[in-house]
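K.L.:
have a look at this prediction, sequence included:
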Amino acid sequence: MVESILRFATSFVLDKTLKYVDKDPKTNMVKLINKADFISGKTFPKKVFESFRTAVQDDDNVWSSYAMSILNDIDRDNLKKMFLSFVLGAGYHGTNAVRKNREKYKCNIPFIMLLDPTSACNLRCKGCWSAEYGHKFNLSFEEMDSIVTQGVALGTHLYMFTGGEPLIRKDDILKLCRKHKNCTFLAYTNATLIDQKFCEDMKEVGNLALAISIEGNEETNDFRRGEGAYETSVKALDLLKKNGCIYGISVCYTSKNIDEVTSDAFLDLMIEKGVKFGLYFNYMPVGTDAVAELIPTPEQRTYMYNWLKRVRNSKTGKPMFVMDFQNDGEYVGGCIAGGRNYIHINSAGDMEPCVFIHFSDSNIRTHTILEALQSPLFMAYYHNQPFNDNHLRPCPLLENPDCLRNIVEITGAKSTDLVNQEGVEHLCAKCDKFAAEWAPVAQKLWDENKHPNPKTQYYRDTAEAMTEKVNDLLR
């Protein structure tokens, strides 16, 4: 009841603010930031909102033009609904509940859940395991609804659809969005199923965003994704912009395409097409046929680390929010998988610690989400994070493969690859060379740069863990 009243009151205030936004965009953007600051209470540091206000009021700040592009490009009603689901639902209600439940249940509770509605995909991208899965596996609507319902009870209000191609199930995805208005949803998509009707449906529900898969220019994109994929993605971006939808891009960077996907020409085109965020992923050699040579080299990872700082600089950067799940580890305290910030549920119902770690000891058809989070596999993540105090080496697979070897051995987790079972040794062996070469380079970068303090409390820092250490010494 309290949540409904707060949602109604916030919606009323947003309507009044957005009604006059065109008369004085800059002033009203500050008002929106003030509303978000007020709604969030003590959930986020006040300096975050102060930085937003300063940026918006500075005409020379990249983020000022970014904020104005949001107001100019996105449908007003869509913007309001997304604000309610993301800032109020995920940001305020979600964050507070997640923090309380982590203390209550003594395990990781995720802020985000990734789920695969289907294993089916209509493309065959090189280096992607989904193309091999076929149309065999699907989560029913009832199962997806149960996942979201259980998640909300734990505090999780942000859900991402992966796959396969999730928009093969777009009717069920839209149904979920309508039912769970207090949650924010995002679908990673190859853009082949985006049409005018779907754009209208996106605006109607308001709490669904898209991340379009695109990787550089036509040559580099279609090399991995197939002939015609680039043209399809660009047409979809134009259609989404025309309709005032909320969308970004998903980019897998490899040793072969890294120059193109980080070029000014690529970013400028994406900004012109209305893209508001870019989610960058380091290529991971997952699957029996994965090519280890596509892992970016240590020199390329160093380039990415410095590129991120440049592209997000408030004076010299680009008006598009870019994040890199590998090189941004220092901002989130290392690995965010295993329920620490997110989990992955595949189309067969297996609950996995990471979208790239295809091992599990729990399934939604036999276990609740909480039971999975308290299972041996997920508790191994909880007890051992961070896997490295150098957060430029966050991953238990790519940068610390012995960690994943030990976790799987100790917990007995089984391979969940839907076609060819891949043993942990086969998987980790593909990362050993990169991990060894990256370690000294990452250490040098870590030592030479200042790093944020995400104020993360790991299990090792709790009173319970300290007691265990004392007991270990006494044995």
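P.N.:
Looks like it came in fine.

K.L.:
the top helix by length along the chain: how far from the chain's middle?
P.N.:
Criterion DSSP state H: the longest helix present in the chain is helix 424-448. Distance of helix 424-448 from the chain centroid (C-alpha atoms, centre = their mean, to the nearest Å) equals 23 Å.

K.L.:
for Tyr230, helix, strand, or coil?
P.N.:
Using DSSP: H, G, I helix; E, B strand; the rest coil, the structure places Tyr230 in helix.

K.L.:
that one and Asn217 touch, don't they?
P.N.:
Yes. Applying C-beta atoms under 8 Å as the test, Tyr230 and Asn217 come out as touching, 7.4 Å apart. No exception for glycine: its C-beta is placed from N, CA and C like everyone else's.

K.L.:
buried ones in the longest helix of the chain?
P.N.:
Buried residues in helix 424-448, counted by 16 or more other C-beta atoms under 10 Å: 424, 427-428, 430-431, 434-435, 438-439, 441-442, 445-446.

K.L.:
now stretch 202-209
P.N.:
Neighbour-count burial for stretch 202-209 flags Met202, Lys203, Val205, Gly206, Asn207, Leu208, Ala209 (criterion: 16+ other C-beta under 10 Å).

K.L.:
out of the buried residues of helix 424-448, which comes closest to Gln57?
P.N.:
Leu445 (33.6 Å; C-beta to C-beta).

K.L.:
how close does that closest one get to Val291?
P.N.:
To Val291, Leu445 is 26 Å away according to C-beta to C-beta, to the nearest Å.

K.L.:
for the residue lying closest to Gln421 once chain neighbours are set aside, list each beta-bridge partner.
P.N.:
Spatial nearest neighbour of Gln421, chain neighbours left out: Ser415 (4.3 Å); criterion: C-beta to C-beta, 6 or more residues apart in numbering. In this entry, Ser415 is beta-bridged to Phe359, by DSSP bridges.

K.L.:
neighbours of Asp116, how many?
P.N.:
As a burial measure, Asp116 scores 29 neighbours (other C-beta atoms under 10 Å).

K.L.:
which phi and psi does it have?
P.N.:
Note on Asp116: its backbone torsions stand at phi -100, psi 110 [degrees, to the nearest 10].

K.L.:
for Thr118, same thing?
P.N.:
Main-chain dihedrals, Thr118, degrees, to the nearest 10: phi -150, psi 160.

K.L.:
so it makes contact with Gly163?
P.N.:
Yes. Using C-beta under 8 Å as the test, Thr118 is close enough to Gly163 to be in contact (6.0 Å).

K.L.:
which residues are common contacts for those two?
P.N.:
Taking C-beta atoms under 8 Å, 6 or more residues apart in numbering as the criterion, Thr118 and Gly163 both touch Ser347.

K.L.:
okay, Asn108: pLDDT?
P.N.:
If you check Asn108, the pLDDT there is 97.

K.L.:
find the helix or strand that it is a member of.
P.N.:
Under DSSP states H and E, no helix or strand contains Asn108.

K.L.:
contacts only, for it.
P.N.:
Here Asn108 is in contact with Arg102, Gly338, Gly339, Arg340, Leu373, Phe378, Tyr381, Tyr382 (C-beta under 8 Å, 6+ apart).

K.L.:
who wins for most neighbours among these?
P.N.:
So for these (other C-beta under 10 Å), the most neighbours sit at Gly339, 30 neighbours.

K.L.:
what sits against Cys403?
P.N.:
Contacts of Cys403 were listed using C-beta under 8 Å, 6+ apart, and they are Asn384, Phe387, Pro396, Leu397.

K.L.:
counting neighbours, which of those comes out on top?
P.N.:
Using other C-beta under 10 Å as the neighbour criterion, Pro396 leads the contacts of Cys403 with 30 neighbours.

K.L.:
for Thr288, see how far away it is.
P.N.:
Pro396 is 20 Å from Thr288, by C-beta to C-beta.

K.L.:
same question, Ile173
P.N.:
30 Å.

K.L.:
picking up where we left off before, the more surrounded of Tyr230 and Asn217?
P.N.:
Tyr230 (21 against 16).

K.L.:
residues contacting the more buried one?
P.N.:
Counting by C-beta under 8 Å, 6+ apart, Tyr230 makes contact with Ile214, Asn217, Glu218, Asn221, Asp222.

K.L.:
Throw those into TSV and include pLDDT and distance to Val56, thanks.
P.N.:
Converted to TSV, the contacts of Tyr230 look like this (pLDDT from 0 to 100; distance: C-beta to C-beta, whole Å):
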residue	pLDDT	distance to Val56
Ile214	92	29
Asn217	82	33
Glu218	79	36
Asn221	78	34
Asp222	68	38
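
K.L.:
nearest to Tyr66, of these?
P.N.:
Distances from Tyr66 to the contacts of Tyr230, taken by C-beta to C-beta, are shortest for Ile214, at 19.6 Å.

K.L.:
that closest one and Gly163: what is the separation?
P.N.:
Distance from Ile214 to Gly163, counting by C-beta to C-beta: 16 Å.

K.L.:
of these two, which one has the most company?
P.N.:
Using other C-beta under 10 Å as the criterion, Ile214 and Gly163 rank with Ile214 on top: 29 against 24.

K.L.:
just give me the neighbour total for the closest residue to that one other than its chain neighbours.
P.N.:
Computed as C-beta to C-beta, 6+ apart, the closest residue to Ile214 that is not its neighbour in sequence is Ser233, at 4.4 Å. Using other C-beta under 10 Å, the number of residues around Ser233 comes to 24.

K.L.:
what of the one 10 residues further on?
P.N.:
Counted by other C-beta under 10 Å, the residues lying close to Asn243 total 19.

K.L.:
so it makes contact with Cys199?
P.N.:
Yes. At 3.9 Å, Asn243 and Cys199 qualify as touching, with contact defined as C-beta under 8 Å.
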